[in-house]
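Novice: pasting the structure only:
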């Protein structure tokens, strides 16, 4: 990644365009969210908004699934339902107490 903000912005744009090309070519349905450092503040605002609504919903954790020739063939989706309520508890900024059984 380039060191200057101007150059990083150019690389970000190229990466986003490539990602959108893949979505278009593969005819992937869904919403595209670029979670890089330039829009993390938007995600944090959305998280705050959800907390204010006292919603317990969470965002799905997904990632691209590629075949041996690096062609996109789908998405890995992590099912969080079995882990509902099994979260780490943070004690100040010092440590985290993890659940005994996941």
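Specialist: That came through, no problem. Quick caveat, the model's predicted, so the values are computed rather than measured.

Novice: which of the residues in the strand or helix carrying residue 9 are buried?
Specialist: Assigned by DSSP states H and E, residue 9 falls within helix 5-25. Under the neighbour-count criterion of 16 or more other C-beta atoms under 10 Å, helix 5-25 has residue 12 buried. Just so you know, the C-beta spots here come from the backbone N, C-alpha and C atoms, and that holds for glycine as well.

Novice: quick one: low-confidence parts of this protein?
Specialist: Along the chain, the model assigns pLDDT under 70 to residues 1, 30-44, 46-47, 50-62, 78-102.

Novice: cutoff 80 now
Specialist: For the chain, the stretches flagged by pLDDT under 80 are 1-2, 5, 8-9, 28-67, 70-102.

Novice: Name the SS class of residue 29, please.
Specialist: Using DSSP: H, G, I helix; E, B strand; the rest coil, the secondary structure recorded for residue 29 is coil.

Novice: Now for it, how many residues are close by?
Specialist: Counted by other C-beta atoms under 10 Å, the residues lying close to residue 29 total 6.

Novice: who's in contact with residue 73?
Specialist: Residue 73 makes contacts with 65, 66, 67, as judged by C-beta atoms under 8 Å, 6 or more residues apart in numbering.

Novice: Mind telling me what element it is part of?
Specialist: Secondary structure from DSSP H and E places residue 73 in strand 72-78.

Novice: quick one on the thing from earlier: wait, which of the contacts of residue 73 is closest to residue 25?
Specialist: The nearest member of the contacts of residue 73 to residue 25, counting by C-beta to C-beta, is residue 66 at 13.9 Å.

Novice: In this structure that closest one contacts residue 72, no?
Specialist: Yes - between residue 66 and residue 72 there is a contact at 5.8 Å, judged by C-beta atoms under 8 Å.

Novice: So for those two, which sits in the more crowded spot?
Specialist: Taking other C-beta under 10 Å, residue 66 and residue 72 do not tie; residue 72 has more neighbours (14 against 11).
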